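> sequence and predicted structure below; questions after.
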Amino acid sequence: MLKVAAKIVHSLSGESGSAVSGFGSTWVPSLARFKAASFGEYCLFRMSRSISMHLLGNRLCRSGFGSQAGLARRAGLAGIASLSILMATAGCGDNYRPVVAAVNPVGPAGQLTKYAVAISIPTISGEQSLATIVDFSGDTLLATPNLVTNPNYFVVNVNGSQGYVTNLDGSLSTFSLSNPSTLLTSDIVFTSLPVESEPVSMSAFSPASGLSTIFIPQGGLDSIAAVNASTAALYDTVDIEAGGTNPFYVVGTTNAPRVYAISKNSPGTNGQVDSIETVSTTTLSDSAQIPVGIDPVYGVMTTNTDRAFIMNQGSGTVSVLNVPSNELDVDKPSITVGSNPVWADLNTVANELVVLNAGNGADISAPQDYQGAYSATTTYQQNQIVTYTVAGKTSYYMALNSGFSGSPPTDTANWEQLTAGSLSIINIPLCNATAQPTNPNCSPTNPEDGVGFGDVIATVPVGIGASQVAVLQGFEGNNPAAYVVNQLDSTGTCGAGQGSVTVIDLQTNTVTTTICGISGSAATLLANGTANYIFGHPNAIAATGGLPTGKVYVTSSDNQYMSIIYTDTNTVQTHISLQGNGIPYGVMVTAK
């Protein structure tokens, strides 16, 4: 092929007595030198001549430079520059038709390997709990190993490589998630915590200069157990200082200079956070005690470790910690939100904190407490829930006492109307490197609050008895959204006594859809055929992005299935059997 191209170049650049179209005559090169050429080679010559004429007439002749022979030579050479492209796409009759095959076919990007993990309790008393592990890309069940009995909390570490489950008896199960398709019950590591530890929650991350650690608040001992995540061995215990009691949660993230142990202290009084820092790889210390609001129950830390946020359920506020300074934020120590803030997540793309406020239904359990429509002939017990309809509008009421039968709207001493919860969306920008030239106080190691930090930019209604929110991050083509699990629907969209999932668009801060729950035997019977229903009264949720769709996983304490929502349509597409009922906060994903 190169020999043919060389012949063409030589002919086009060296032919004498030629004229160029556009200069009053026509250039027709002699074919004498091509007598020995094959038909295929002559075909290439005809193609190159066409190229040279096109370029000559449309570019070189308009420029008005060079001699006729020089222009011919330039045109011929320019044609050869495109020759390889045309050779791949054109032929000459039936004798020469080159075909090009793709070397690297282009197709959809491969899905990231990640998993959803749900913890369930078999309905037979005394049986061990199960971890159900599902592949993200195909909704395929991979493993169901046995864990501790009666689990009360579940967490996955920051990089998604390990899972941890505790129970109130002080047992800890740890298991690897690096290759779950081969995971067996015999691979689970069981560890006993100190007697009377009464673990109430758990967090797992690697603080700066420290071990990868499982932090476990020990409610019975007013201390924090630090367990080596690699060996599942207890390596240190940190006591809550300054008279603090009832440790409830540990806030932090990987590479944080310190983590914070949240303690509720006595009912009705301000809680505190204890700053836990690494002294050595085997020793921790309590360096400070910082007061927060009443009944603190949860917290999150930004991924850059600059701020931590504490949900104060009793105060209806969020305490803001400056992590580098190890103190309350100077400019915005507290943010007022809705009633009973119980959970939070971060919308990292928009620098927003998303706080879930449960309203006055924070502690309800619809599967146990819902009694149907109010009846004047029934004697009700404390915490039982009924519906009552006035002028076509149905509301939920909860009994405040026991042994009465008065009507909900009039007997206010015995009935409380349940109100919907809400989602507070809060702006949390910090000053950044771009701002430093005009703001000398914007330290790269301890940045100040940015403009609008702490402003509540939207309050969005959700359902009744909302308990957890999960944010779908705006990555991989996904629209950022918040998904909230509710014990009861507050919109009238769903059936009486049924739960729901509220979907909120975090670009417009509005509710886009309500996905209804269906409970009882009907949910089980329709497990393989019911579209777009959450099974049970949901109380655990996790979200992860992906292409062409992200997914949201939902479990319930009164149903043995995990419902999977596809985020491109926000509809339930499948259900996975858990062989037991879910637990509160009992589903997580290994990567967001």
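Ah, there it is.
> going forward, measure contacts and count neighbours with C-alpha atoms only.
OK.
> can I assume Thr166 is in contact with Asn152?
Yes: using CA atoms under 8 Å as the test, Thr166 is close enough to Asn152 to be in contact (6.0 Å).
> overlap in contacts, those two.
Taking CA atoms under 8 Å, 6 or more residues apart in numbering as the contact rule, Thr166 and Asn152 both touch Ser201.
> and Gln382, how many neighbours does it have?
15 (other CA atoms under 10 Å).
> i'd like the first residue to be 29 from this point on
Right, with 29 as the first residue, what we last looked at is Gln410.
> in terms of contact, does it touch Ser430 like I think?
Yes: at 4.7 Å, Gln410 counts as touching Ser430 under the criterion of CA under 8 Å.
> ok, Pro436 to Lys421 distance?
14 Å (CA to CA, to the nearest Å).
> could you do Asp302 as well?
In this view, Asp302 and Lys421 are 47 Å apart by CA to CA.
> more crowded one of these two?
A direct count of neighbours by other CA under 10 Å for Asp302 and Lys421 places Asp302 higher, at 26 against 8.
> which ones are touching the more buried one?
268-269, 288-291, 314-318.
> do that again at 6 Å, thanks
Asp302 is in contact with 288-289, 316-317, counting by CA atoms under 6 Å, 6 or more residues apart in numbering.
> how about Pro566?
513, 583-584 are the contacts of Pro566 under CA under 6 Å, 6+ apart.
> let me have the residues you listed in a markdown table, adding secondary structure, pLDDT and distance to Gly608 as columns.
Formatted as a markdown table, the contacts of Pro566 follow (DSSP: H, G, I helix; E, B strand; the rest coil; pLDDT from 0 to 100; distance: CA to CA, whole Å):
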| residue | secondary structure | pLDDT | distance to Gly608 |
| --- | --- | --- | --- |
| Val513 | strand | 98 | 19 |
| Thr583 | strand | 97 | 11 |
| Ser584 | strand | 96 | 10 |
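> coming back round to it: which of Thr194 and Asn180 has more neighbours?
Thr194 (29 against 20).
> number of nearby residues for Thr330?
Neighbours of Thr330 under the rule other CA under 10 Å: 21.
> find the nearest non-adjacent residue to it, please.
Excluding the flanking residues, the one nearest Thr330 by CA to CA, 6 or more residues apart in numbering is Ala336, at 6.4 Å.
> any idea how many residues pack against that neighbour?
23.
> and the helix or strand where it lies, average pLDDT?
Assessed by DSSP states H and E, Ala336 sits inside strand 335-340. For strand 335-340, the mean pLDDT works out to 98.
> could you dump the contacts of Pro566 into a markdown table with neighbour count and distance to Leu374 added?
Listed next are these as a markdown table, based on neighbours: other CA atoms under 10 Å; distance: CA to CA, whole Å:
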| residue | neighbour count | distance to Leu374 |
| --- | --- | --- |
| Val513 | 31 | 17 |
| Thr583 | 34 | 21 |
| Ser584 | 31 | 23 |
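> which of those residues lies closest to Ser165?
Thr583 (19.0 Å; CA to CA).
> who's in contact with the closest one?
For Thr583, counting by CA under 6 Å, 6+ apart, the contacting residues are 566, 568, 590, 610.
> which of the residues you listed fall in helices?
In helices, judged by DSSP state H, none of those are found.
> in strands, which of those residues appear?
In this view, the contacts of Thr583 that belong to strands under DSSP state E are 566, 568, 590, 610.
> ok, the last one - contacts?
Each residue near Gly610 by CA under 6 Å, 6+ apart is listed here: 147-148, 583-585.
> which one of those is nearest to Asn442?
Using CA to CA, those come closest to Asn442 at Ser585, 27.8 Å.
> residue contacts, that closest one?
Here Ser585 is in contact with 609-611 (CA under 6 Å, 6+ apart).
> out of the residues you listed, who's nearest Thr577?
Scanning the contacts of Ser585 for proximity to Thr577, where the rule is CA to CA, the winner is Gly610, at 24.6 Å.
> and the pLDDT for that closest one?
96.
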